[in-house]
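Asks: heads up, no residue letters with this:
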């Protein structure tokens, strides 16, 4: 019987920037509906200990963008029960393929000026997870 040897994954060979984003993404996506209050957004961010929440359209469920902790600083003196998530979006929802490399993710983040990417096989597909600046810096 002949055994087949597979090459080690890119990160095991030391080619960290060639690691597929699926290997370092956070699985799943914290999402909130567009007309949720900022109070609900803050509660979700704290409860899940994340720095951003994806805002989805109520009618179609499409990703509208990210409300980030940094972006919420501009809303600190406003009544969080009167403002909706849609109004506090500060980043567009940029998608990257799960097989894309960390190098491609870093390039996309820099080009788009965002701190996180949805990991999905195509735009408007159900995301598998999120890859953030912190994830790629950890490589």
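Replies: Cool, got the structure. Just so you know, these numbers come straight off a predicted model, no measurement behind them. Numbering: from 1, shown residues only.

Asks: those strands in this protein, which residues are they?
Replies: With DSSP state E as the criterion, the chain has strands at 26-27, 31-33, 52-56, 63-68, 95-96, 116-119, 129-132.

Asks: Figure out which of these is closest to residue 107.
Replies: With distances scored as Cβ to Cβ, the stretch of the strands of the chain nearest to residue 107 is strand 95-96 (9.8 Å). Placement of C-beta: from N, CA and C, glycine included.

Asks: Okay, now the unreliable bits of this structure?
Replies: 1-14 (pLDDT under 70).

Asks: which of the strands of the chain is buried the deepest?
Replies: Of all those, strand 116-119 has the most neighbours on average by mean count of other Cβ atoms under 10 Å, namely a mean of 25.

Asks: other SSEs contacting that one?
Replies: For strand 116-119, the packing partners by 3 or more Cβ pairs under 8 Å, 6 or more residues apart in numbering; DSSP states H and E come out as strand 95-96, helix 102-112, strand 129-132.

Asks: how about those in a markdown table, adding distance to residue 69?
Replies: Putting the helices and strands packed on strand 116-119 into a markdown table (distance: least, Cβ to Cβ, whole Å) gives the following:
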| stretch | distance to residue 69 |
| --- | --- |
| strand 95-96 | 22 |
| helix 102-112 | 17 |
| strand 129-132 | 12 |
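
Asks: Ends of stretch 76-89, what's the gap?
Replies: Using Cα to Cα, to the nearest Å, one end of stretch 76-89 lies 14 Å from the other.

Asks: Could you list the buried residues of that stretch?
Replies: 80, 83-86, 88-89 (16 or more other Cβ atoms under 10 Å).
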